[in-house]
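Colleague: structure of the sequence below:
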Amino acid sequence: MSLLEIKELKRGFGSGNNRLEVLKGVDLRMKRGELVALMGPSGCGKSTLLNIIGGLLRGDSGSITIDSGENKYNYGTKNPNKVVDVRRYGVGWIFQDFHLLEQLTAIDNVALSLEITGMSKLEAEKKSKEALIKVGLEDRMDFIAGQLSGGQQQRVAVARAISGYRPLLLADEPTGNLDVKSGEDIMALFKELASDKDIPISVLMVTHDPMLATKADRMLLLKDGVTAASDIRSAWGIEEDKAND
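Modeller: Sure, this is the predicted structure:
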């Protein structure tokens, strides 16, 4: 069973002669516990696709389904104010910038995001501890975020994204501000989360780093507004053809 299924998703910007069709019919499926790398040149629509999946932007046509087994969300062309539940319970976000409140502790950064959804303070603290333990920060919970290393701050951001169990993580250049070692550690963490036998979490990661992409289970290449490849070997074949032109 697919956790995420996208059918014929289209999105353009502007009108008339200035109309730019960015997504021209994207089809995409992800299984539970799958780590997928999304690559493509700047301006090809990667961020637009993530924003629609994450409920921050609506598509012009097409459909998106997230089915965790416990909850099911059908959207794609709905306005963001109609898919609040997707953002609260379906999808977690991880960005290049950590977006932490540097004067708060790690656990308070995670708990605050849960309390905003209406969770009680006691329950939010419990879920936050569980998430921070899961990302390997059990000994850094009470550290001020500004005192943590870049890699540790990104782990706090990951904990915030998975707290309360969101079955799908959208990671937009999550290693962009990290050194090579910290970036590899975050990739290893993603693989751990995806392979969890009890609660596997799927990760769709946008990256420009081909070495990180090769560590994913599968690679998608956005080209001309559609997914042009569905595995690492064929995606690299396309890149190699370009290089030989």
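
Colleague: can you map out the helices along the chain?
Modeller: Along the chain, the segments classed as helices by DSSP state H run 46-53, 84-85, 106-116, 121-134, 150-162, 180-194, 210-213, 232-244.

Colleague: tabulate these in a markdown table, adding columns for mean pLDDT, distance to Ser15 and mean neighbour count.
Modeller: For the C-beta atoms, the positions are set from N, CA and C on the backbone; glycine is no exception. Formatted as a markdown table, the helices of the chain follow (pLDDT from 0 to 100; distance: least, CB to CB, whole Å; neighbours: other CB atoms under 10 Å):
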| stretch | mean pLDDT | distance to Ser15 | mean neighbour count |
| --- | --- | --- | --- |
| helix 46-53 | 95 | 17 | 23 |
| helix 84-85 | 92 | 28 | 12 |
| helix 106-116 | 94 | 36 | 21 |
| helix 121-134 | 95 | 43 | 18 |
| helix 150-162 | 94 | 35 | 24 |
| helix 180-194 | 91 | 39 | 18 |
| helix 210-213 | 86 | 35 | 17 |
| helix 232-244 | 49 | 32 | 12 |
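
Colleague: may I see these organised as a markdown table, with distance to Phe13 added?
Modeller: Formatted as a markdown table, the helices of the chain follow (distance: least, CB to CB, whole Å):
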| stretch | distance to Phe13 |
| --- | --- |
| helix 46-53 | 8 |
| helix 84-85 | 24 |
| helix 106-116 | 30 |
| helix 121-134 | 36 |
| helix 150-162 | 27 |
| helix 180-194 | 31 |
| helix 210-213 | 27 |
| helix 232-244 | 25 |
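
Colleague: quick one: which of the ones you listed is nearest Leu222?
Modeller: helix 46-53 (5.7 Å; CB to CB).

Colleague: what's opposite the residue nearest the centre of the chain in the beta bridge?
Modeller: Among the residues of the chain, Leu170 comes closest to the average C-alpha position under CA atoms, centre = their mean, at 0.8 Å. Leu170 forms beta bridges with Trp93, Leu204, as assigned by DSSP bridges.

Colleague: Leu204 is in contact with that one, correct?
Modeller: Yes. Between Leu170 and Leu204 there is a contact under CB atoms under 8 Å: 5.5 Å.

Colleague: so what sits against both of these two?
Modeller: Leu50, Ile53 (CB atoms under 8 Å, 6 or more residues apart in numbering).

Colleague: re earlier: can you pull the contacts of the residue nearest to the centre of the chain?
Modeller: Leu170 neighbours (CB under 8 Å, 6+ apart): Leu50, Ile53, Gly54, Val91, Gly92, Trp93, Ile94, Leu204.

Colleague: ok, now which ones touch the last one?
Modeller: Put plainly, it is Leu204. Leu204 neighbours (CB under 8 Å, 6+ apart): Leu4, Met30, Val36, Leu38, Leu50, Ile53, Leu168, Leu169, Leu170, Ala171.

Colleague: can I assume the third one is in contact with Met205?
Modeller: Yes. The pair formed by Val36 and Met205 meets the contact definition of CB under 8 Å, at 7.0 Å.

Colleague: ok, those two, which is more surrounded?
Modeller: The neighbour comparison of Val36 against Met205 (other CB atoms under 10 Å) goes to Met205, with 27 against 21.

Colleague: not counting sequence-adjacent ones, nearest residue to that one?
Modeller: Setting aside the residues directly before and after it, Met205 is nearest to Ala171 in space (CB to CB, 6 or more residues apart in numbering), at 4.1 Å.

Colleague: could you double-check that that neighbour sits in contact with Ala194?
Modeller: No. With contact defined as CB under 8 Å, Ala171 and Ala194 do not form a contacting pair (11.6 Å).
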